[in-house]
Structures are given as structure tokens and as C-alpha cells.
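Asks: Using only what follows, build the 3D model:
(2 chains)
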2 protein chains.
Amino acid sequence: MARWDPNARERLERAALELFVHQGYDRTTVAEIAERAGLAKSTFFRHFADKREVLSGGDALLRLLADAIVAAPPGAGPLEAAGAALAAAGAHAFTAERHPAVRERQQVVAANPELTERELLKREALATALTAALRERGVPDPAAVLTAELTLLALRTALAHWAARPGQDFTALALAELAALREAAAAL
Amino acid sequence: MARWDPNARERLERAALELFVHQGYDRTTVAEIAERAGLAKSTFFRHFADKREVLSGGDALLRLLADAIVAAPPGAGPLEAAGAALAAAGAHAFTAERHPAVRERQQVVAANPELTERELLKREALATALTAALRERGVPDPAAVLTAELTLLALRTALAHWAARPGQDFTALALAELAALREAAAAL
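Replies: Residues are numbered from 1 along each chain as shown, chains lettered A, B, ... in the order given. The predicted structure is shown next:
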């Protein structure tokens, strides 16, 4: 067993997801996850604080979205920057290849209140990060807070549709949601 | 000790808040809360599932807001119904009399991750209830989802300002937030 393994994190995530799906979240231990991944329990704890954390995807999605907002062209408006963030999620996080794992993950989270609570904390952190990224672009409040919320609404709705059926393009779904929200916002 | 006490719930909430403030959430037991309220531990569990639940305010705020949306005049648009909900919160939940307790509660929740997680779950339930109330008024999606989010954003921002300093009118703060969000939404 290697002390350092470049794929340890991914292997642990995959092993955890498989065990949660097959024997349930409550009945799975950290030791079992590590064993299935072929790693030591101590390796698990170098990557994750606890069992709840293993499915959270760390802050990868948060960084992906926030970075895309900051990196959008200088002339892009708040919603265009939001669109760039959703497209980045479609290109790197919610790809056809990752569809089965994302769908299973959604089901495990929905079935476990503990994981749902962790998910809501992550969502809160995501809203804060997107708002900060928009402010960094010079978007004032409350437009920054509002755009961050619209981005998350579009992301969640699109993700639910995308996860429900394979073969769909996440970016197209998310941008359509964002456009519908913009239209609804203008009409309020 | 009366088997049935019409004020048991309030007394337990007040006792819990006092203990959480003075000795910390983690170091307070359900038995201590019941004792301070002059009630049996079994009475506590007739009202709350666990220690985390005692500060959640139950679903009182959720019902207050959702009922106000449903009861708004038939001709009222989504944002007017949202305004009626915020005014109901100002009239019944965030009153001058309740200011000290609400402020203490906010501080205790912010200082305890467990309580923050519970709060986020409640917020999620609130978003779902407001969306359902708006749909009941005939508001279509995504306007219903969007209006529910704007209502919650206005509520949270106004609550933070209101709790920070006594002597302010919650309804006025919340309606000003809602108007600013509407303006920002129209300009996106």
C-alpha cells in the first residue's frame, strides 16, 4: 500500500459511493471504504474529515464555478459570467462520462438526512463564493447576491433534469434554465 | 408539575436559549433545559425531537409566511404576495418585544455548526413551502421558485440588519430589500 497515491481521493470517493449504494450509508464504516479502495484508514482521514465529507466533492465544484465567473471576459455582464460558470460545470463536472456516478451520488444524498444537511452547507458556501466572485468583477449588491442565487437555482434544476436521464447536455439545460429565470425576473 | 401546560413550548424555548447563551450549546443537556423550565424531560420530548430542534421555532414562521401568501388579495402579483408575507413576519415574528430573544437566538445558531445545519434544512423547507403557496395562487414556474427565493433573500438580509440593532421596523427593512432585489432583477 503506497503512502502516497495520486488517485487516492478518487478511489475513496468511488469506493464510498459503491458501498453506500449497495449496503447503505449508515451501515458503511470508514474502515470498509478504505479497505475497498485498497488504502489505509489513515489515508482516508488525510483526505476527508469524516464519512459525511467523502461524497461532498470537496470544494472542486465551488472553485470551478467561482473561477469561471472571475475569468469571464471583462465586458461580460453578471448573467453572462453566470452562464460561463454553468458551462464550466457542464464541461468538467457534469459530463456524459460522469453521469452514472453523479446520478448515484444524488440518490444516496437524497436518501440520507445527514448527507442532505452537509449538501445544504456546501450550497451555502457555494452561494457565498459565487457572490464574492461576482463582486470581484465589480457587480454591486444586491445584483451580486441575486445573480449567485439565480446561478444556483439554474444549476440545481438543470442537475435534477440531467441526472434523471442519460444523454442530455448539462450546459444546454442549465443555460435554458438561467434564461427562463432571467425572463421571469424581468417580468416580476 | 402539570402534565399539560399551555406554555410548555415557550418555556422550554426560553430556558434553552438562556442556557445556550450562558453555558454553551454543547454543554447543555435536555434534562437541564427541562429543569430550568420547571418541566419534566418527557414534556421536552413531547414538544421537540431533540436538543437541536428546540431553537428552530418549529414550523411557525413557515406557516405564517405561507398563509400570508395564500391569503393575499386575489389580484395581488407574486411580489405583492411576497410583501404580504414579509409584513406578516414583521407583525408577528420579528416584533420589538421579541427583538432580544431573536438576536440571542441568531448568535447561538451562528456559533454552533449543528444548529446552523438545522437552520439550513428549515430554510430549504421554507423555500419549498413558499413556492407551493405561490403556485396555489396560480403563479407559474419558474416565477414561483424565483419569487420564493427573493422573499427568503429579503427576509434573511432584513433579519440580519434588524437583529443587529434594536429599534428598527422589520417590515420596512424587508420591503426595502425586496424592492431593491426586484430592481436588480429587472436590470439583469
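Asks: Please identify the next secondary structure element, helix or strand, after the helix or strand hosting residue A:91.
Replies: Per DSSP states H and E, residue A:91 falls inside helix A:78-92. Next along the chain after helix A:78-92, taking DSSP H and E as the criterion, comes helix A:99-111.
Asks: packing partners for that following helix?
Replies: If contacts are counted by 3 or more CB pairs under 8 Å, 6 or more residues apart in numbering or on different chains; DSSP states H and E, helix A:99-111 sits against helix A:8-23, helix A:113-136, helix A:143-164. Glycine gets a C-beta too; all of them are placed from N, C-alpha and C.
Asks: Tell me which of the ones you listed is the most buried.
Replies: The highest mean neighbour count among the helices and strands packed on helix A:99-111, using mean count of other CB atoms under 10 Å in any protein chain shown, belongs to helix A:143-164: a mean of 22.
Asks: ok and it relative to helix B:113-136, angle-wise?
Replies: If you take axes from the mean of the first three to the mean of the last three CA atoms, to 10 degrees, helix A:143-164 sits at 80 degrees to helix B:113-136.
Asks: check contacts around the residue nearest the centre of chain A.
Replies: Centroid-nearest residue in chain A: residue A:61, 4.5 Å away (criterion: CA atoms, centre = their mean). With contact set as CB atoms under 8 Å, 6 or more residues apart in numbering or on different chains, residue A:61 has these partners: A:89, A:93, A:126.
Asks: same check, this time on residue A:158
Replies: Counting by CB under 8 Å, 6+ apart, residue A:158 has contacts A:86, A:170, A:173, A:174, A:176, A:177.
Asks: Count the residues that sit near the nearest residue to residue A:160 once chain neighbours are set aside.
Replies: Sequence neighbours aside, residue A:106 is the residue nearest to residue A:160 in space, at 7.9 Å (criterion: CB to CB, 6 or more residues apart in numbering or on different chains). Neighbours of residue A:106 under the rule other CB atoms under 10 Å in any protein chain shown: 17.
Asks: Kindly state the pLDDT recorded for the closest residue in space to residue A:107 that isn't next to it in sequence?
Replies: Setting aside the residues directly before and after it, residue A:107 is nearest to residue A:21 in space (CB to CB, 6+ apart), at 7.6 Å. At residue A:21, the model reports a pLDDT of 87.
Asks: My guess is residue A:21 contacts residue A:104. True?
Replies: Yes: with contact defined as CB atoms under 8 Å, residue A:21 counts as touching residue A:104 (5.5 Å).
Asks: re the thing from before, so the residue nearest to the centre of chain A versus residue B:69, what's the distance?
Replies: Residue A:61 sits 32 Å away from residue B:69, taking CB to CB, to the nearest Å as the criterion.
Asks: rewinding a little: and the helix or strand hosting the residue nearest to the centre of chain A, what's buried?
Replies: Using DSSP H and E, residue A:61 sits in helix A:60-71. Neighbour-count burial for helix A:60-71 flags A:61, A:62, A:64, A:65, A:66, A:68, A:69 (criterion: 16 or more other CB atoms under 10 Å in any protein chain shown).
Asks: check contacts around the fourth one.
Replies: Spelled out, that is residue A:65. Contact analysis of residue A:65 by CB under 8 Å, 6+ apart lists A:85, A:86, A:88, A:89, A:126, A:129, A:130, A:133, A:151, A:155.
Asks: Let me have the helices and strands packed on helix A:99-111 in CSV, extended by distance to residue B:113.
Replies: Shown next, in CSV, are the helices and strands packed on helix A:99-111 (distance: least, CB to CB, whole Å):
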stretch, distance to residue B:113
helix A:8-23, 22
helix A:113-136, 8
helix A:143-164, 21
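Asks: got the domain boundaries for chain A?
Replies: With domains defined by automatic domain parsing, chain A comprises A:8-55, A:60-187.
Asks: Around chain B, pick out the residues from chain A.
Replies: For chain A, the residues in contact with chain B (CB under 8 Å from any CB of the partner chain) are A:77-79, A:116-118, A:120-121, A:123-124, A:142-143, A:145-147, A:149-150, A:153, A:157, A:177, A:180-182, A:184-188.
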